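Novice: only the shape, not the letters, is given here:
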């Protein structure tokens, strides 16, 4: 039997469901200001479902995402979003405070999302700048989290920058890669996941995230060649196409799958254990019901959630 760290599920889409908003580049960020307590409510529901690690609502808290005037900074109706860069420290603190509501029951993973945009390989800054930007967020999160979790890494260079930035803190560093929805052995950039895994072998865990559940086992097989713990947390989006990755769209343009309810998703997640995973969870369009189903199935099969 296996000791399994059970992550939570998606935050942004869950906030949309509860608030009635739409997906913009700052939808989950705005919730920290407009709806105090809502993020904590989601954290508590995941803990109630059986999650043993909460992920802070800090995925989009980067200077480039908070700053207005770029092509990724528009709402669905074309209106430019406000410049929120000056509020970065306040937003980080708010995300940490909301996660702290489950501290007695869960460890806390400090989420550091991708620079520029999710899934895209063409917007990563030069290495020195990327390390600096990643490092700033990691250092702000580190005093109040147990793990620094760099999410949705789409390129090998992003992994290098994230690892270097994470090592500026005294916290374990986990690297999570987003892989091709048709070929789990490739990053979204088209680079071999095996090359990224060589970088992540120096981290404290490596995972595949925000990709189709059907390809996660192939990613895990690649990552299993390393000695560090591995895991996966897939999304329940319809396929993220190459056209989407080329830019000009937001998560509002992605649709939730109707065939990836809690039972089906848990079927995939439990299979990942056979491919070496010891860390499971959910990403976009998964919710507390998905995590509860995984927790129930893990316990029924004799595994221990740690």
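Specialist: Received it, and whenever you're ready, just let me know what you need. All figures in this text were calculated on a predicted structure; none of them were measured in a lab.
Novice: quick one: least confident helix or strand in the chain?
Specialist: Of all helical and strand segments in the chain, the minimum by mean pLDDT, DSSP states H and E falls on helix 242-245, at a mean of 52.
Novice: ok, then the element right after it?
Specialist: Heading C-terminal from helix 242-245, the first helix or strand you meet, by DSSP states H and E, is helix 262-272.
Novice: tell me how far that next one is from the chain's mean position?
Specialist: With CA atoms, centre = their mean, to the nearest Å as the basis, helix 262-272 stands 18 Å off its chain's centre.
Novice: and whichever helix or strand comes after it, what does it pack onto?
Specialist: Following helix 262-272 in sequence order, the next helix or strand is strand 277-282 (DSSP H and E). Here strand 277-282 touches strand 3-6, strand 230-234, helix 262-272, helix 288-300, going by 3 or more CB pairs under 8 Å, 6 or more residues apart in numbering; DSSP states H and E. Just so you know, the C-beta spots here come from the backbone N, C-alpha and C atoms, and that holds for glycine as well.
Novice: return the list of strands paired to the second one, each annotated with direction.
Specialist: The reference is to strand 230-234. Strand pairing for strand 230-234, using DSSP bridges, gives strand 205-209 (parallel), strand 277-282 (parallel).
Novice: tally of neighbours for residue 288?
Specialist: Residues contacting residue 288 under the criterion other CB atoms under 10 Å number 22.
Novice: distance of it relative to residue 44?
Specialist: According to CB to CB, to the nearest Å, residue 288 and residue 44 sit 9 Å apart.
Novice: what's the answer for residue 98, then?
Specialist: Distance from residue 98 to residue 44, by CB to CB: 10 Å.
Novice: and those two? Which one has more around it.
Specialist: residue 98 (25 against 17).
Novice: the more buried one contacts residue 57, doesn't it?
Specialist: Yes. Checked against CB atoms under 8 Å, the pair residue 98 and residue 57 is within contact range at 6.2 Å.
Novice: who touches both of those two?
Specialist: Common neighbours of residue 98 and residue 57, counting by CB atoms under 8 Å, 6 or more residues apart in numbering, are 32, 39.
Novice: okay, helices next: where are they in the stretch 101-250 of the chain?
Specialist: In the stretch 101-250 of the chain, the helices defined using DSSP state H, counting those that start in this stretch lie at 127-141, 156-166, 193-200, 216-223, 242-245.
Novice: shaky segments in the stretch 1-150 of the chain?
Specialist: 22-23, 25, 68-81 (pLDDT under 70).
Novice: if you set the cut-off to 80 instead, what comes out?
Specialist: Low-confidence segments of the stretch 1-150 of the chain, defined by pLDDT under 80: 20-27, 68-82.
Novice: now do the strands in it.
Specialist: For the stretch 1-150 of the chain, the strands defined by DSSP state E, counting those that start in this stretch cover 3-6, 53-55, 107-112, 147-153.
Novice: mind putting those in CSV, mean neighbour count included?
Specialist: Below are those laid out as CSV (neighbours: other CB atoms under 10 Å):
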stretch, mean neighbour count
strand 3-6, 20
strand 53-55, 26
strand 107-112, 25
strand 147-153, 27
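Novice: what would those look like in CSV with distance to residue 278?
Specialist: Converted to CSV, these look like this (distance: least, CB to CB, whole Å):
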stretch, distance to residue 278
strand 3-6, 6
strand 53-55, 12
strand 107-112, 14
strand 147-153, 14
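Novice: list the contacts for the most centrally placed residue in the chain?
Specialist: Among the residues of the chain, the one closest to the centroid is residue 151, at 4.4 Å (CA atoms, centre = their mean). Shown in contact with residue 151 (CB under 8 Å, 6+ apart): 59, 111-114, 176, 209-210.
Novice: widest-spaced pair of these?
Specialist: Across these, the longest distance by CB to CB is 13.8 Å; it joins 112 and 210.
Novice: burial measure for residue 205, as a count.
Specialist: Applying the criterion other CB under 10 Å, we find 21 residues in the vicinity of residue 205.
Novice: residue 174 is in contact with that one, correct?
Specialist: Yes. Under the criterion of CB under 8 Å, residue 205 makes contact with residue 174 at 4.3 Å.
Novice: so what sits against both of the two?
Specialist: Counting by CB under 8 Å, 6+ apart, the common neighbours of residue 205 and residue 174 are residue 147.
Novice: re earlier: residue 233: which of the helices of the stretch 101-250 of the chain is closest?
Specialist: Of the helices of the stretch 101-250 of the chain, nearest to residue 233 by CB to CB is helix 216-223, at 8.5 Å.
Novice: many thanks, have a good one.
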